[in-house]
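J.: Quick check, what structure comes out for this input:
(3 chains)
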Amino acid sequence: MAAAAPVVELKQITKRFPGIVANDSISIKLHKGEIHALLGENGAGKSTLMNILFGLYQPDEGHIEINGQSVAIDSPNKAIDLGIGMVHQHFKLVQPFTVTENIILGMEPSKGGVQIDYKTASEKVKQLSDQYGFRVDPNAKIEDISVGMQQRVEILKTLYRGANILIFDEPTAVLTPQEISELIEIMRRLVAEGKSIILITHKLKEIMSVSDTVTIIRRGKVIDTVKTNETSPSQLAEKMVGRNVSFKVDKTPAQPKEKIIQVNNVSIKNKDGISLLDGMTFDVHAGEIVGVAGVDGNGQTEIIEALSGLRKIDSGSIVLNGKEIGSHTPRQISEAGVGHIPEDRHKHGLVLDFSVSENMVLESYYKQPYTKRGFLNFRAINDLAKRLVESFDVRTPSIHTKARSLSGGNQQKAIIAREINKNPDFLIAAQPTRGLDVGAIEFVQTQLIRQRDQGKAVLLVSFELDEILNVSDRIIVVYEGKVIGEVRPEETNDQELGLMMAGSRQGGIKA
Amino acid sequence: MSKFLKWFASDSFVVSLAAIVMGLLLGAVVMLTGGYNPITAYMALLKGVFGSPYGFGEALREMAPLVLTGLAVAFAFRAGMFNIGAAGQVLLGMTGASLIGIKLTGLPAIIHAPLAIIVGGLFGGLWAALAGYIKAKRGVNEVITTIMLNWIALFLCNYIVRTFLLLPGNQRSLDVESSAWVSIGWLSEMMGNARVHWGILVAILASIFFYYFLWKTKQGFELRAVGSNPEAARYAGINVNKNIVKAMFISGVFAGLAGAFETLGVFHYQSVYSSLPGYGFNGIAVALLGMTHPFGVLAGAGLFGTLTYGSSEMSFEAGVPSEIIQIVIGSIIFFIAAQGIVRYLLKPVYKRKKEKVL
Amino acid sequence: MKKAVKLSLFMLLAFSLVLAACGNNNSGNSASTGSEGEGSKAGSDIKIGMVTDTGGVNDKSFNETSWEALQALKEEQGIKVEYLQSTSEADYQPNLNKFVKGGYDLTWGIGFALESALGEIAKQNPDSNFAIIDAAVDAPNVESVLFSENEGAFLVGVVAGKMTKTNKIGFVGGMESPTIKKFEIGFKAGIEASNPDAEFTAVYASGFDKPDEGKAAASTLYNEGVDIVFQAAGGTGNGVFNEAKDRKGQGQEVWVIGVDKDQSLDFGDDITLTSMIKRVDVAIKTVSQQVIDGTFKGGTTTVLGLKEDGVGIADTSSANVPQEVLDEVESYKEKIVSGEIEVPTVK
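T.: Purely as a prediction, here's the structure:
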């Protein structure tokens, strides 16, 4: 395999943006039939490099060879002509259109130059789908099919255009564990049929299970290129982050104390009368982390919103420190000692156009000393921001920088700093590590455990089973708006949890 | 001071300046193709405003409502809303001031005038708050409600003037009691009877208030948070609905003050309007020119007022149709809104400078 | 940041240079205009200005008619004429003032909307001469011209009364104002005089610039069986004509009576039965001529009625109106002129 000329060779690619070198003389070889993973933290330069390969950017130095021929890729169309296809992290599909319509969009086959020949097109889509085992219905509408299926449509789109080299940009970020393993199957099938794949990711597990070769990029530079079977996750992580990272979160056994929060038979219906929460009941004690496992859409969002006062509950009660808070406003609940790290940092956690320092007081701006006689006290606010930025290691050029220009990890750190600084009795952490790289994940998880050790009650909602298993002291599994089981992490594994999450087994052997 | 200098050098300032220059150039090109001399035309324009105390006074008179309506639009915008209804709020402000100014008699000026101004501002504020309330309670987009409320305001105010305040046989109200006037008599006299009034001073104070309120107070913090990310504000425990109503109220007060000063300072009566006066849309234009910053609005109103007021001198002295100025104003707003174009056109300037430095 | 500073400084400099250049030229100019001085004036030195209301100079109505009259005077007598458009009611005073400061011998205010502004400026400038259409300003240096619209409307009312087949006649006013009311009342009196059995309906729009409302109003009237509509509604009246045109196209027998000028020239005599003429041009020419001749007195209010030919009926009416009706109109006119009939102005 190694003897043949590489399908793609990037030679000494350098790309500079004002104030930063995004790619610093990067060289990568992709061979036929190979899955080549590109590993790096957020902002390491992976996306820039792939945008160069796909013709969206022009390199400042260096050049690209396809099958040994030097080429200039000046537009995505040129890249497509050269057989390069890109599967974007955020799908670019027209929701009300069918699968076939989406796939042929922009290159519609026509009968007599006017009428679109849907029949031929949908046959071709069907044939492609069968060839790679996609099981996609060419006539289904995008809005009716699952996220995993939509991703397959994206892949089909590139195959339909004759792609031999496929770039996958963080393909698993939006998928459920089952969908992830199916995707891995599809990728194997693709390379078996002679395609070559570049996989951009920062998830070590996937790299280990699917790729042949890994190139690690850090701060725009290639750190190393290694054969996957000659390395280990910890080696990769170390190369990616530049220091030693531990995967097993260090923690001592929990020492739960008094009950902080009690959720009792809480139900919520939506406008159409459909049950979102159906008698949910659980509690969290001081000094423990309770993990909520479940497939997305089984009531996680609703229970978090109910706990933080953002959504009215229809029946049941929520008791915090012996006081009913079920009908309180978000501010009352926040003042009663609840901290909330929201699921969507951009939408709910931060005002992106506010400075870091303004975001730090988003929930406490009205209190002394941040407000004096109705006027904001910028000295106190900035002092607080400086202290938090320092102690939580939020990397920002200044406390006056807009939150928008921080990296995802640092945005999350800022939110955590703000919430922890409130010194809450009860901390809700919703998807706290979603989209973060290894270093930041470690930081966030450590913070949660530290809170626990200080005697706080922590509720962790996550779709990452590993995280649930590693961080929680107790796991509750939610399915269709209620708790269907409770397990201890040391007494279960991801297979069992996965089955419970699918609702197939009523677990719940409480120790 | 250094902050002030920094602002001058800031990107948005340069872009605005460039947009203005481009707008003036485009107007010049149109004049040239029409066979007019742009230099004489612009000279006449400047002369109209700065050539005589009367012209300057009247230009100030023109600017006062522009500043206030501009602030109204900008303030709502900062809180995430688009107030298209400044025209209606101005009318309500006029009506409030007229009611107090005409119906109440025998009050000393020190009470009468401020009372009329306050009531005018309140009328405008409450009218706008109505749109805010409908948005907060029912989620109806404020663009739609403010546009509709404009028409309701027009007919409501006409009705009030016709029924309670009419000067018999005329299409206007009775004269406002002189104790409610806010004209500055001595200055007016000095300026050849130009209708200068305290409104311009209030407008400047209003923009200072705008700045301090929005960026220095607790309530302003809430409004800005709601304006740039209502969801995050809600998560942070801020009462979003209350802030929507509050923001619209304050926005409406600015517009209502504009109306009150037009009645009390300029006309001393209120007309029955056959169609919506242009205050609302001018306010949007000024807010855009000022990039919704209070001091930008001041500058924008200065520019807009100079151009519109000076345009009649332009047609008078240089024979250039005053519509040309509308083209200039329109294109300045266009260039400011389409900053990409300006940056693209400025690129060679930046680049050449860079090369020179190297 | 440094670049930005330099650039802005550069632009400021450039801008100020341009300004400076302007300033220089400016002073030269004003010096030359200032030297014209007073002295006796030949006809060609006379300057007459007019300020429009917010309708603008191309309003297809009295502003336009006035400006045409002034231009005709310029052609005939070689005087200098100029107009200024008002975009808002706040513009009236500064616009009038421009003419005063420019040394104009007469400044016209066109329309009742300028009444207060013109009164104010006339008071401030007792040495300048003014004239106003459609409003009475009581000042020694202002000549006011009013029209007896009721008399003209009476005549077209006679035509309508004689010509209606359905015995239903309508009226569309632009806005319920005293001036427009005069049209309605005169029109109604004319109908009553010539056809006491006819039903009469008056509808008002909310302004003079709402052709859509005009169209809707006309539609309502025609639907009720009205076959002749008199419009006194400025631009709103265009909608009345449009509605009539639509219905005529569908074979319905409907008519519009135009206002202010001979509107059959604009809208065609297939739908324009006749028009009530208001001779704004006569007023403008008469008063302006007094200034040219040096006989301007000011301080008086002239009412132009049938007698003075200030109002009347369009010459082209014979296209649709039979001679015997026109003869009857003529006899009514004589009675009004002689004072035998007095046309009411208020109900």
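
J.: How is chain C partitioned into domains?
T.: Taking automatic domain parsing as the domain assignment, the ranges for chain C are C:43-147, C:149-277+C:311-338.

J.: average pLDDT across the last one?
T.: Confidence over domain C:149-277+C:311-338, taken as the mean pLDDT, stands at 92.

J.: Report whether that domain contacts chain B.
T.: Yes. Judged by C-beta under 8 Å from any C-beta of the partner chain, domain C:149-277+C:311-338 comes into contact with chain B at C:174-175, C:177-178, C:206-210. Heads up, the C-betas are built off the backbone N, CA and C, glycines and all.

J.: Tell me how far residue A:386 lies from chain B.
T.: Distance, residue A:386 to chain B, by C-beta to the nearest C-beta, to the nearest Å: 19 Å.

J.: hang on, that residue packs against residue A:396?
T.: No. Applying C-beta atoms under 8 Å as the test, residue A:386 and residue A:396 come out as separate, 10.7 Å apart.

J.: Of all residues in chain B, which one is closest to chain A?
T.: residue B:237 (3.3 Å; C-beta to the nearest C-beta).

J.: For the stretch 101-250 of chain A, which segments are assigned as strands?
T.: A:110-111, A:115-116, A:165-169, A:196-201, A:213-218, A:221-227 (DSSP state E, counting those that start in this stretch).

J.: quick one: the fifth one to chain centroid distance?
T.: When you say that, I think you mean strand A:213-218. Here the centre of strand A:213-218 is set off from its chain's centre by 20 Å, with C-alpha atoms, centre = their mean, to the nearest Å.

J.: Parallel or antiparallel, list what pairs with that strand.
T.: strand A:35-39 (parallel), strand A:221-227 (antiparallel) (DSSP bridges).

J.: ok, and what's touching it?
T.: The contact list for strand A:213-218, computed with C-beta atoms under 8 Å, 6 or more residues apart in numbering or on different chains, reads A:26, A:28, A:34-41, A:44-46, A:49, A:207, A:222-228, A:231, A:236, A:239-242.

J.: Show me which of these are buried.
T.: Neighbour-count burial (16 or more other C-beta atoms under 10 Å in any protein chain shown) is assigned, among the contacts of strand A:213-218, to A:26, A:28, A:34-41, A:44-46, A:49, A:207, A:222-223, A:226, A:228, A:231, A:236, A:239-241.

J.: ok, for residue B:213, nearest residue in space, not its chain neighbours?
T.: residue B:220 (4.8 Å; C-beta to C-beta, 6 or more residues apart in numbering or on different chains).

J.: can you count the residues close to that neighbour?
T.: As a burial measure, residue B:220 scores 22 neighbours (other C-beta atoms under 10 Å in any protein chain shown).

J.: Buried residues, the strand or helix carrying it. List them.
T.: Under the criterion of DSSP states H and E, residue B:220 resides in helix B:218-228. For helix B:218-228, a neighbour-count test (16+ other C-beta under 10 Å) marks B:218-228 as buried.

J.: pLDDT on it, on average?
T.: 95.

J.: what does stretch A:486-500 give?
T.: The model assigns stretch A:486-500 a mean pLDDT of 85.

J.: Ok, stretch A:275-293 next?
T.: 94.

J.: Also stretch C:89-106?
T.: 93.

J.: Now that stretch: buried residues?
T.: Applying 16+ other C-beta under 10 Å to stretch C:89-106 flags C:89-101, C:104-106 as buried.

J.: got a list of what the closest residue to chain B within the stretch 1-150 of chain A touches?
T.: Nearest residue of the stretch 1-150 of chain A to chain B: residue A:18, at 12.0 Å (C-beta to the nearest C-beta). Contacts for residue A:18 (C-beta under 8 Å, 6+ apart) come out as none.

J.: Just send the strands paired with strand A:213-218 back as JSON lines, with distance to residue C:188 too.
T.: Putting the strands paired with strand A:213-218 into JSON lines (distance: least, C-beta to C-beta, whole Å) gives the following:
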{"stretch": "strand A:35-39", "distance to residue C:188": "88"}
{"stretch": "strand A:221-227", "distance to residue C:188": "93"}
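
J.: I'd like those written out as CSV, with mean pLDDT added.
T.: Output for the strands paired with strand A:213-218, formatted as CSV (pLDDT from 0 to 100):
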stretch, mean pLDDT
strand A:35-39, 92
strand A:221-227, 92
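
J.: Which of the residues of domain C:149-277+C:311-338 next to chain B has the largest number of neighbours?
T.: Of the residues of domain C:149-277+C:311-338 next to chain B, with other C-beta under 10 Å as the count, residue C:174 tops at 27 neighbours.

J.: still on that earlier bit, need the domains of chain C in a markdown table (columns: distance to residue A:7).
T.: Shown next, in a markdown table, are the domains of chain C (distance: least, C-beta to C-beta, whole Å):
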| stretch | distance to residue A:7 |
| --- | --- |
| domain C:43-147 | 68 |
| domain C:149-277+C:311-338 | 67 |
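
J.: what bits of chain B have low per-residue confidence?
T.: B:1-10, B:348-358 (pLDDT under 70).

J.: what's the answer for the stretch 1-150 of chain C, then?
T.: In the stretch 1-150 of chain C (pLDDT under 70), the answer is C:1-44.

J.: how about a cut-off of 50?
T.: C:1-3, C:7, C:9-40 (pLDDT under 50).

J.: Where do the strands of it begin and end?
T.: Going by DSSP E, counting those that start in this stretch, the stretch 1-150 of chain C shows strands at C:47-51, C:80-84, C:106-110, C:130-133, C:142-147.

J.: Which strands and helices lie in contact with the longest one?
T.: It refers to strand C:142-147. helix C:115-124, strand C:130-133, helix C:280-293, strand C:301-304 (3 or more C-beta pairs under 8 Å, 6 or more residues apart in numbering or on different chains; DSSP states H and E).

J.: If we use 6 Å, what do you get?
T.: strand C:130-133, strand C:301-304 (3 or more C-beta pairs under 6 Å, 6 or more residues apart in numbering or on different chains; DSSP states H and E).

J.: Quick check: which of the ones you listed is buried the most?
T.: Most buried of the helices and strands packed on strand C:142-147 by mean neighbour count (mean count of other C-beta atoms under 10 Å in any protein chain shown) is strand C:130-133; its value is a mean of 27.

J.: so what's residue A:397 up against?
T.: Contacts for residue A:397 (C-beta atoms under 6 Å, 6 or more residues apart in numbering or on different chains) come out as none.

J.: can you give me the strands in the stretch 201-347 of chain C?
T.: C:228-232, C:255-260, C:272-278, C:301-304, C:311-313.

J.: following the biggest helix by length in chain B, which helix or strand shows up next?
T.: Selection of the longest helix in chain B by residue count, based on DSSP state H, yields helix B:109-138. Going down the chain from helix B:109-138, the next helix or strand is helix B:142-160, by DSSP H and E.

J.: what's the angle between that following helix and helix B:109-138?
T.: 140 degrees (axes from the mean of the first three to the mean of the last three C-alpha atoms, to 10 degrees).
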